[in-house]
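**Student:** 3D, please:
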Amino acid sequence: MKSVVVHSCLTLLQLGTLSALPPDAPARPEAVKVFQETVQAGLKPFVERGELAGAVALAADAKGVLASTATGWRDTDKREPLTEDTVFWIASQTKPCTAAALLMLVDRGLLSVDDPVSKFIPEFARLEVLDGPEGGVQSTRPAHTKMLVRHLLTHSAGIFKQNQLKGPTVDFHPLSLRAKAHAKDPLQWEPGSQARYSNGAYTVIGYLVELISGEPYGEFLEKHIFQPLGMKDTTFWPSDAQCARMMTPYRTDETWTKLLPVRLSVLATPLHDRVKRHPTAQLGLFSTAQDLARFYRMLLNDGSLDGTTILSPESARRMRERQTPADWGGAFSFGMVTKDDTFGHSGSFGTNTLANRETGLICVWLTQQTANPGDAWESEYIFQKAAKALKR
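**Tutor:** Residues are numbered from 1 along each chain as shown. From the prediction side, this is the model:
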């Protein structure tokens with residue numbers, strides 16, 4: 001069955017204000033019980049109507065996990081219950097991890113975010129940009145502005161989501177080929193003049209990580225981010241055991257009333273093949289709610305978690321706070337989408353992680369469906385409302 005991948009960056013929800021949380025206190029048992037019962041009862045009608053296959057919902061803060069629960073089915077046909085350790089393809093939630101990897105190299109003094117991309121990838125030295133009204137007749141002209149590393153991080157480089165390099169799956173070509181292919185296409189706009197979500201920009205960032213570190217991109221993330229943070233189920237190459245814990249992906253039928261199982265045809269199989277499958281810096285990771293919570297807790301703790309430092313406080317701040325001008329339509333930090341007091345990222349198959357800079361509340365919502373038939377979109381709101389009510 002052909003996969004229909006609808007890729008959009010979900011609108012982030014403002015979580016509101018929580019009272020200050022006391023240090024090192026576990027979530028109150030009665031509050032956890034209410035949270036779990038509220039989420040399970042709230043999501044049950046959507047699951048019963050077939051609008052939501054299932055979801056893992058986890059609330060955390062900088063100090064730890066507040067509460068979590070799993071509702072629905074890992075596989076609706078086999079009636080396999082969803083569990084909290086279920087593995088999900090997190091798609092574009094890969095981008096924050098890619099940004100963090102590059103910022104680690106910035107912290108080491110190996111580059112600056114204000115360096116031209118061409119300093120490291122010569123193919124980006126002479127770029128063309130489209131000239132003329134969008135949607136109308138366009139020509140090309142030389143770009144007047146150098147593309148900087150910060151432009152890639154904030155989706156303001158002007159790179160198209162896709163390039164002319166084709167393959168049966170997005171992980172077919174090595175990262176170097178995919179990144180350099182973007183230099184051959186004209187930019188959508190002058191670098192640094194506006195921001196619009198771009199997968200291609202993060203392909204280039206992944207290649208920069210590889211070039212500057214001298215380590216393969218995927219292995220760099222494993223060695224320097226996932227292993228130190230204890231993100232044991234976050235990987236580009238899930239094992240057979242992890243695949244056995246993976247949720248079946250779903251899409252909506254043509255009437256938009258029910259869900260149908262679908263294959264992730266954008267990725268090659270077997271997923272554990274490290275030779276034929278090349279890591280994709282924009283959308284290739286698999287993970288769990290627990291692992292994602294650890295990554296966001298690190299960011300809220302100024303780049304450190306449980307005695308392990310991943311980023312400098314300044315780099316962590318740049319990931320939490322908006323880096324694009326306030327009058328631009330695209331509201332991006334380094335690696336994240338921002339709105340009001342929140343930062344986070346979503347994925348094309350229904351995953352979403354959101355953190356509030358002021359309250360410290362982290363909401364991890366993981367499902368595996370391209371869209372929400374009926375009123376299933378309300379299910380995440382139910383979870384977030386229950387998460388706001390949690391107290392330590």
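**Student:** CA atoms only: put the helix or strand that contains Lys33 into PDB for me.
**Tutor:** Per DSSP states H and E, Lys33 falls inside helix 29-48. Extracted in PDB, the C-alpha atoms of helix 29-48 (Å, rounded to 0.1, in the frame of the first residue of the first chain):
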ATOM      1  CA  PRO A  29       0.100  10.000  43.500                       C
ATOM      2  CA  GLU A  30      -3.400  11.300  43.500                       C
ATOM      3  CA  ALA A  31      -2.500  13.800  40.700                       C
ATOM      4  CA  VAL A  32      -1.000  11.100  38.600                       C
ATOM      5  CA  LYS A  33      -4.100   8.900  39.100                       C
ATOM      6  CA  VAL A  34      -6.400  11.800  38.000                       C
ATOM      7  CA  PHE A  35      -4.100  12.500  35.000                       C
ATOM      8  CA  GLN A  36      -4.200   8.900  33.800                       C
ATOM      9  CA  GLU A  37      -7.900   8.500  34.300                       C
ATOM     10  CA  THR A  38      -8.700  11.800  32.600                       C
ATOM     11  CA  VAL A  39      -6.600  11.100  29.600                       C
ATOM     12  CA  GLN A  40      -7.700   7.500  29.200                       C
ATOM     13  CA  ALA A  41     -11.400   8.400  29.600                       C
ATOM     14  CA  GLY A  42     -11.000  11.500  27.300                       C
ATOM     15  CA  LEU A  43      -9.300   9.500  24.500                       C
ATOM     16  CA  LYS A  44     -11.500   6.400  24.700                       C
ATOM     17  CA  PRO A  45     -14.400   7.700  22.500                       C
ATOM     18  CA  PHE A  46     -12.000   8.700  19.700                       C
ATOM     19  CA  VAL A  47     -10.400   5.200  19.900                       C
ATOM     20  CA  GLU A  48     -13.800   3.500  19.900                       C
END
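**Student:** now do it: everything it contacts.
**Tutor:** Residues from elsewhere that reach helix 29-48 (CB atoms under 8 Å, 6 or more residues apart in numbering): 52-55, 57, 59, 66-67, 69, 71-73, 374-376, 378-379, 382-383, 386-387, 389-391. From N, CA and C alone the C-beta is placed, and that goes for glycine too.
**Student:** ok, stretch 68-78 next?
**Tutor:** Identification of contacts with stretch 68-78 by CB under 8 Å, 6+ apart yields 35-36, 39-40, 43-44, 47, 50, 52-59, 79-84, 86, 245-248, 250, 259, 261, 289-290.
**Student:** can I have the buried ones of those residues as a ChimeraX selection?
**Tutor:** Selection of buried members from these for ChimeraX, criterion 16 or more other CB atoms under 10 Å:
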select :35,36,39,40,43,47,50,52,53,54,55,56,57,58,59,82,86,245,246,247,248,250,259,289,290
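**Student:** any idea of the mean pLDDT for the helix holding Lys33?
**Tutor:** The average pLDDT for helix 29-48 rounds to 95.
**Student:** and the next helix or strand past it?
**Tutor:** Sequence order places strand 54-61 as the next helix or strand after helix 29-48, per DSSP H and E.
**Student:** given that following strand, what are its sheet partners and their directions?
**Tutor:** Paired strands of strand 54-61, with direction, are strand 64-75 (antiparallel), strand 362-366 (antiparallel) (DSSP bridges).
**Student:** as JSON lines, those strands with distance to Ile90, mean neighbour count and mean pLDDT would be great.
**Tutor:** Formatted as JSON lines, the strands paired with strand 54-61 follow (distance: least, CB to CB, whole Å; neighbours: other CB atoms under 10 Å; pLDDT from 0 to 100):
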{"stretch": "strand 64-75", "distance to Ile90": "16", "mean neighbour count": "20", "mean pLDDT": "96"}
{"stretch": "strand 362-366", "distance to Ile90": "8", "mean neighbour count": "27", "mean pLDDT": "98"}
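**Student:** so who does the residue nearest to Lys146 when sequence neighbours are not counted touch?
**Tutor:** Spatial nearest neighbour of Lys146, excluding adjacent residues (CB to CB, 6 or more residues apart in numbering): Pro116 at 4.5 Å. Residues near Pro116 by CB under 8 Å, 6+ apart: 124, 146-149.
**Student:** so which of the residues you listed are in helices?
**Tutor:** Of those, the ones assigned to helices by DSSP state H are Val149.
**Student:** in JSON lines: the contacts of Pro116, plus pLDDT, distance to Gly218 and neighbour count.
**Tutor:** JSON lines is the format used below for these (pLDDT from 0 to 100; distance: CB to CB, whole Å; neighbours: other CB atoms under 10 Å):
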{"residue": "Phe124", "pLDDT": "98", "distance to Gly218": "22", "neighbour count": "23"}
{"residue": "Lys146", "pLDDT": "97", "distance to Gly218": "29", "neighbour count": "17"}
{"residue": "Met147", "pLDDT": "98", "distance to Gly218": "24", "neighbour count": "26"}
{"residue": "Leu148", "pLDDT": "98", "distance to Gly218": "25", "neighbour count": "21"}
{"residue": "Val149", "pLDDT": "98", "distance to Gly218": "20", "neighbour count": "25"}
